[in-house]
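Asker: give me a model of this one.
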Amino acid sequence: MQRSSEQDERERVDPASLLDDDAPDTVESAEGPTSGSDRTGRDGSTGGGRLRRLLPSRPRPLRGSFSARSFLVVLALSLAGVIAGGSIPLVGTVGQFLGLFLVAFVVGAVGARRRYLEVGLAGAIAAGIAFVLGTLTSVFAPVAVQVLADYGVAIAGVGTGAGLLASLAGHYFGRDLRDGLTRDV
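Answerer: Modelled structure (predicted):
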């Protein structure tokens with residue numbers, strides 16, 4: 001039977017290496033540090049990530065799904081949709097959201113990949129900017145500055161939330177139309 005101090009001197013395992021599959025497994029022994037590729041565990045596998053293999057795997061929905069290029073394109077299209085929709089006489093703010101819905105619908109119907117994250121984020125940003133600028137330009141300048149100082153976060157939050165919902169709904173219906181058109185009968 002070995003003493004615990006002799007066992008600790010012979011093999012020391014870094015606790016972070018138990019969960020981390022990407023980091024090399026380093027073991028301190030009496031001979032010096034060795035990497036996980038030089039030794040195998042009792043089950044014949046390398047030492048790195050022993051506890052990670054026991055934990056259930058969890059999906060990573062955002063890995064590789066966000067594209068900065070498509071986000072910038074959708075943001076530019078969303079801003080154009082907000083401007084075009086807001087320029088319709090007698091419709092005003094509702095037209096901005098119709099413009100967002102239409103842009104997201106077209107992106108969903110034309111695009112081969114689902115872009116909910118990019119479309120939702122771009123729609124929220126475009127609508128938030130439009131609400132703040134609309135408030136700033138709709139009232140006499142000193143009053144508008146005071147209104148934005150007092151209620152700016154709430155105004156931007158309402159615009160952002162409504163823009164997010166309008167763009168996600170548009171993208172969903174565009175994807176649904178694309179799915180219906182491309183499905184075999």
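
Asker: mind listing the helices for this protein?
Answerer: 4-10, 15-19, 50-54, 68-86, 93-110, 116-138, 141-182 (DSSP state H).

Asker: the ones you listed: lowest mean pLDDT?
Answerer: When the helices of the chain are compared on mean pLDDT, helix 15-19 scores lowest, with a mean of 44.

Asker: one step back: tabulate the helices of the chain (TSV), appending mean neighbour count.
Answerer: Glycine gets a C-beta too; all of them are placed from N, C-alpha and C. TSV is the format used below for the helices of the chain (neighbours: other C-beta atoms under 10 Å):
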stretch	mean neighbour count
helix 4-10	10
helix 15-19	13
helix 50-54	12
helix 68-86	18
helix 93-110	22
helix 116-138	21
helix 141-182	16
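
Asker: show me the protein divided up by domain.
Answerer: Following automatic domain parsing, the chain resolves into domains at 4-54, 68-182.

Asker: from residue 81, how far out is the residue nearest to residue 87 when sequence neighbours are not counted?
Answerer: Closest residue to residue 87 apart from its sequence neighbours, by C-beta to C-beta, 6 or more residues apart in numbering: residue 95 at 7.5 Å. Applying C-beta to C-beta, to the nearest Å, the value for residue 95 to residue 81 is 10 Å.
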